[in-house]
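Participant: using only what follows, build the 3D model:
(chains A and B)
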Amino acid sequence: MKLKALPLLLAGLALSAPATVLAAGPTVYGKVNASLQKFDMEQISGGQVVSERDDWQMRSNASRIGVKGDYDINESLKAVYKLEYEISVDTGTNSNGREFAARNIVGGLQGSWGTFLFGRHDTPLKLIQEKVDRFNDLQIGDMSNFLVGEFRRDNMIMYTSPDFRGFNLTAAFSPGESAIGADGKEDDSLADSASFALTYGAGTDLYLALAHEQNMASNSSAGSSDITRLVGEVKLGAVKVGALYQTARQHKSEDAIAGVPSGINQFGSSFEKQDAWLLSGEWAATKAIVLKAQYGYSESKPLTANRSDAEATQIAVGIDYKLDKNSKFYGYYAQVDVEGDSAYSTGKPSDKTIGVGYEINF
Amino acid sequence: MTRSRLQLSLLLLASLLPGPAMAESDVDQADSLRFQQFFEDKSDSIKVWRETDGKIESGRRKPMVKTYEEGAPAGKPAAASAAPPAAAKAPVAKAAAAAPAEEIRGLRYEIRERYTLDRSDDTPYSALHVVTAMHKQMAGLCPNGWRKYAERSEPVGKDFFLYYELECL
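Facilitator: Down below sits the predicted model:
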């Protein structure tokens, strides 16, 4: 070998040798979100609207702790995992007396071709909302108080494509594992429940998403809802405006829509279809202060033929005071009114709350 | 359509086009379908322990400083031009050497140097000598040692930039 070539060879070796890349190791993340709430809630009793709750309460709002991580299996394949649990910072235990409640717990594989995840996870349809629901996780403010479709499903197998010019496609399915449906038959096929989502511009100033799911409900119970949801959000300077529209139907004629809000007594659980929409906006008035507002509406048709539709209306306004990038104080007011059938009541029960709280993300 | 209306329309249209992705923390992205981004480490991700030595990490990671960017506190790159690197790095090295070890530990940098595989008027470094220059930079930034996380090369004209990502011990 010529001596002149030696430096070049050494340089080539130095550059081609694998860099000392360390496995990233697990990362902890989570949030503590707690609030002090004044509730004023009503229910129907004996055909009359009566007070159900009128008190102050401390609430933990989907506070959670999670561990995520990844490591290289080879140059083109990564193992990924996410184990996330809800914690109740108000009482220490949830309604089942447990300190931790599983949220999204998945493992999977990731490459340039996309991500596969296996486990218990929010459905793609639920996740396309991003932050259009400005009062997500808050008492009476969360949009699940008036519309269906906020499902977390067991036994999910989910694929998300890599970003293609801003577009992402996600598909998920879940075997029913012989759960007995409302029709009395077992859900025993590979993909008894399925959910699909197409998103554009996630995390940017213009976001659009469309999702559809079939035979879906929470956990591993037999699914019963077919839902189509459309979401959009645009950011114009300090202002964000978002909208959501969805239509839900019972999966089979024997089913009822799954996930109807239980906190509003007028609703019950026996509906065959629901149409809902939401408009929301926020304005970053200063670097620290964000003003938010939301209006939502749903119309649900009862299974009982001679009863008229139940209409739910949500109004919420709030203010965030950011302490830094990861923490804030907030205050808000939310109200959901339900106008139901005269078979329930001639009145119009209303759930209201005003709350102040803090959120610490880590 | 008048010119001002056209300009206004274009401005409105531009404002509707996707802008740069906003920096979000892990917990924000956990509730989204952006799994590719979610599993990436953020600049402020909280590491639990290092798999290499099992040590507990000290907490939230410090943001990555790109030393070659305008206004970066670690000083300008040595060989984006043909200037000798040692002179440009000297003040940085002195400042880092004078700082207490606790302040330096965990600082994260991305550094770069230009090199050529042939001959270039823009850099004095060959593929071999650029490694020495990079090590001088790292020694200046992290006088107590460093851990190198990643390495890559990107073409620039007929030359290349060699990048290292490192964290001070």
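Participant: correct me, but residue B:30 touches residue A:66?
Facilitator: Yes - shown here, residue B:30 and residue A:66 form a contact pair, counting by C-beta atoms under 8 Å, at 6.2 Å. Where you see a C-beta, it was placed from the backbone N, CA and C, and this is true even at glycine.
Participant: those helices in the chain, which residues are they?
Facilitator: Just so you know, I chose chain A. Using DSSP state H, the helices found in chain A span residues A:5-16, A:124-127.
Participant: if you could check chain B rather than the one you did, that'd help
Facilitator: According to DSSP H, the helices that chain B contains are B:3-16, B:26-30, B:35-38, B:85-98, B:101-104, B:129-141.
Participant: report the helix or strand with the lowest average pLDDT across chain B.
Facilitator: Here the helix or strand of chain B ranked lowest by mean pLDDT, DSSP states H and E is helix B:85-98, holding a mean of 52.
Participant: where do the domain boundaries of chain B fall?
Facilitator: B:24-61, B:62-169 (automatic domain parsing).
Participant: these into TSV, with extra columns for mean neighbour count and distance to chain A?
Facilitator: Listed next are the domains of chain B as TSV, based on neighbours: other C-beta atoms under 10 Å in any protein chain shown; distance: least, C-beta to the nearest C-beta, whole Å:
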stretch	mean neighbour count	distance to chain A
domain B:24-61	17	4
domain B:62-169	17	4
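Participant: which stretch in those is the model least sure about?
Facilitator: Lowest mean pLDDT within those: domain B:24-61, a mean of 75.
Participant: so the lengthiest strand in chain A, near chain B or not?
Facilitator: For chain A, the strand that runs over the most residues, judged by DSSP state E, is strand A:27-45. Yes - for strand A:27-45, a contact with chain B is found by C-beta under 8 Å from any C-beta of the partner chain, at A:27, A:28, A:29, A:30, A:31.
Participant: what count of nearby residues applies to residue A:289?
Facilitator: Residue A:289: 13 surrounding residues under other C-beta atoms under 10 Å in any protein chain shown.
Participant: what separates it from chain B, distance-wise?
Facilitator: 18 Å (C-beta to the nearest C-beta, to the nearest Å).
Participant: verify the stated contact: that residue with residue A:320.
Facilitator: Yes - between residue A:289 and residue A:320 there is a contact under C-beta under 8 Å: 7.1 Å.
Participant: give me phi/psi at the residue in the stretch 101-250 of chain A positioned nearest to chain B?
Facilitator: Here the stretch 101-250 of chain A gets closest to chain B at one residue, residue A:204, 3.5 Å apart by C-beta to the nearest C-beta. Note on residue A:204: its backbone torsions stand at phi -120, psi -170 [degrees, to the nearest 10].
Participant: quick one: it from residue A:311, how far?
Facilitator: 35 Å (C-beta to C-beta, to the nearest Å).
Participant: partner strands of the longest strand of chain A, parallel or antiparallel?
Facilitator: When pairing is defined by DSSP bridges, strand A:27-45 lines up against strand A:48-60 (antiparallel), strand A:64-74 (antiparallel), strand A:350-361 (antiparallel), strand B:46-47 (antiparallel).
Participant: dump those into JSON lines; add distance to residue B:103 as well.
Facilitator: Output for those, formatted as JSON lines (distance: least, C-beta to C-beta, whole Å):
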{"stretch": "strand A:48-60", "distance to residue B:103": "37"}
{"stretch": "strand A:64-74", "distance to residue B:103": "28"}
{"stretch": "strand A:350-361", "distance to residue B:103": "26"}
{"stretch": "strand B:46-47", "distance to residue B:103": "19"}
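Participant: so which of these gets nearest residue A:219?
Facilitator: For those, the distance to residue A:219 is smallest for strand A:64-74, at 17.7 Å, taking C-beta to C-beta.
Participant: identify the residues contacting the closest residue to residue A:312 other than its chain neighbours.
Facilitator: Of all residues not flanking residue A:312 in the chain, residue A:146 sits nearest, at 4.0 Å (C-beta to C-beta, 6 or more residues apart in numbering or on different chains). Applying C-beta atoms under 8 Å, 6 or more residues apart in numbering or on different chains, we find residue A:146 in contact with A:261, A:264, A:276, A:296, A:297, A:298, A:312, A:313, A:314, A:336.
Participant: now swap in residue B:32 and tell me
Facilitator: A:127, A:130, A:202, A:203, B:38.
Participant: out of the helices of chain A, which gets the lowest mean score?
Facilitator: Across the helices of chain A, the lowest-scoring stretch is helix A:5-16, with a mean of 41.
Participant: which parts of stretch A:65-75 are buried?
Facilitator: By 16 or more other C-beta atoms under 10 Å in any protein chain shown, the buried positions in stretch A:65-75 come out as A:65, A:66, A:67, A:68, A:69, A:70.
Participant: output these as a markdown table; include the columns pLDDT.
Facilitator: Shown next, in a markdown table, are the buried residues of stretch A:65-75 (pLDDT from 0 to 100):
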| residue | pLDDT |
| --- | --- |
| A:65 | 96 |
| A:66 | 95 |
| A:67 | 94 |
| A:68 | 93 |
| A:69 | 91 |
| A:70 | 90 |
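Participant: pull the most distant pair out of those.
Facilitator: Once C-beta to C-beta is applied, the buried residues of stretch A:65-75 give A:65 and A:70 as the farthest pair, at 18.5 Å.
Participant: any idea of the pLDDT on the nearest residue to residue A:297 once chain neighbours are set aside?
Facilitator: Of all residues not flanking residue A:297 in the chain, residue A:313 sits nearest, at 5.4 Å (C-beta to C-beta, 6+ apart). We have a pLDDT of 94 for residue A:313.
Participant: distance of residue A:313 relative to residue A:138?
Facilitator: Taking C-beta to C-beta, one finds residue A:313 at 17 Å from residue A:138.
Participant: burial of residue A:121, as a residue count?
Facilitator: As a measure of burial, residue A:121 has 26 neighbours, counting by other C-beta under 10 Å.
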